[in-house]
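K.L.:
coordinates only, no sequence provided:
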């Protein structure tokens, strides 16, 4: 019985058995640590794979968007080229832009300027203006005539003007020829500017306001995209047709008498009216102006185009215009301008 212990007694294992137990425990702990690390690593790996997959998907999504944008850009560029081609050499204000050959030819005369190439209309009309007198600078006459080319008339507007010129009884009776203003240049010279400022810079006629560099610089907008146009029933002193162009701009209305000669159109007279004034309505009605279609349209001239409501006589001959004021409306001589036009074209 001495060989056995009671149930509550501690059994003393051999030393080598304890060592083995400890070794097993240590191995188990090591294995657990390794397993945990592997589990953690697996989880991290899965997370990384998931993140990598999400990143790859995102990159692919971005690549697809970039590809679509690139395609859109190419399409836009192609469309833009198509638009540019269809509107070749046409400015936003419907004047045909000059090509390099035109610019080189016009530039042989050092007194010539090309709008938006080697000068700006706003600066050109301003340099001849004297704000103190509201007229042209006094020493302008001795200066060699300078000229600015604004652009060529659009095909749509030329078509309408051709129809009006060739249907004009006065033109056909006195000149007896067909007109074609296609590719005509709109031009303004220092002589034109001097005449306009000296006759309308300090305006006294009722319903009109002073011509200034600010509103005179709108000349290209008026003639290139007018609201109303027409042909005068009188020829100029140079025996050439006179055209009317009107347009409402920035709270006022502009009416221009333009001379057509030798493939160039010059402003003979420039009137600025108060917005929606009776005098502006009279000008349109008494000169029998017609509404201008969109200059890019191919529509024919309507025979029943509306004009403004019936009003009294035109400003240039109304009862409130004095004799002196009427004398201001006389046209300038065209001899020099016609000769210059022939030289330039």
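P.N.:
Arrived safely, thanks for sending. Here the structure is a predicted model, which means the values were calculated and not measured.
K.L.:
only C-alpha atoms for contact and neighbour calcs from this point on.
P.N.:
Will do.
K.L.:
next secondary structure element downstream of the strand or helix carrying residue 65?
P.N.:
For residue 65, the host element (DSSP states H and E) is helix 15-86. Next along the chain after helix 15-86, taking DSSP H and E as the criterion, comes helix 100-106.
K.L.:
how about the secondary structure of residue 186?
P.N.:
At residue 186 the chain is in strand, as set by DSSP: H, G, I helix; E, B strand; the rest coil.
K.L.:
any figure for the gap between it and residue 97?
P.N.:
Counting by Cα to Cα, to the nearest Å, the separation of residue 186 from residue 97 is 11 Å.
K.L.:
stretch 129-145: end-to-end distance?
P.N.:
End-to-end for stretch 129-145, by Cα to Cα: 15 Å.
K.L.:
same question for it, mean pLDDT?
P.N.:
In this model, stretch 129-145 has an average pLDDT of 80.
K.L.:
returning to what we had before: what do residue 186 and residue 97 both touch?
P.N.:
Both residue 186 and residue 97 are in contact with 151-152, where contact means Cα atoms under 8 Å, 6 or more residues apart in numbering.
K.L.:
list the contacts of stretch 253-267.
P.N.:
Among residues not part of stretch 253-267, those counted as contacts by Cα under 8 Å, 6+ apart are 181, 183-189, 192, 222-223, 236, 240-248, 268-276, 280, 338, 341-342, 345.
K.L.:
where do the strands of this structure begin and end?
P.N.:
Using DSSP state E, the strands of the chain run over 112-114, 129-130, 135-136, 147-152, 185-189, 208-209, 228-231, 242-249, 252-261, 264-274, 290-291.
K.L.:
rebuild those as JSON lines, extending it with distance to residue 17 and mean neighbour count.
P.N.:
Formatted as JSON lines, the strands of the chain follow (distance: least, Cα to Cα, whole Å; neighbours: other Cα atoms under 10 Å):
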{"stretch": "strand 112-114", "distance to residue 17": "111", "mean neighbour count": "22"}
{"stretch": "strand 129-130", "distance to residue 17": "119", "mean neighbour count": "19"}
{"stretch": "strand 135-136", "distance to residue 17": "124", "mean neighbour count": "24"}
{"stretch": "strand 147-152", "distance to residue 17": "111", "mean neighbour count": "24"}
{"stretch": "strand 185-189", "distance to residue 17": "116", "mean neighbour count": "23"}
{"stretch": "strand 208-209", "distance to residue 17": "121", "mean neighbour count": "20"}
{"stretch": "strand 228-231", "distance to residue 17": "118", "mean neighbour count": "24"}
{"stretch": "strand 242-249", "distance to residue 17": "111", "mean neighbour count": "23"}
{"stretch": "strand 252-261", "distance to residue 17": "115", "mean neighbour count": "23"}
{"stretch": "strand 264-274", "distance to residue 17": "119", "mean neighbour count": "23"}
{"stretch": "strand 290-291", "distance to residue 17": "118", "mean neighbour count": "22"}
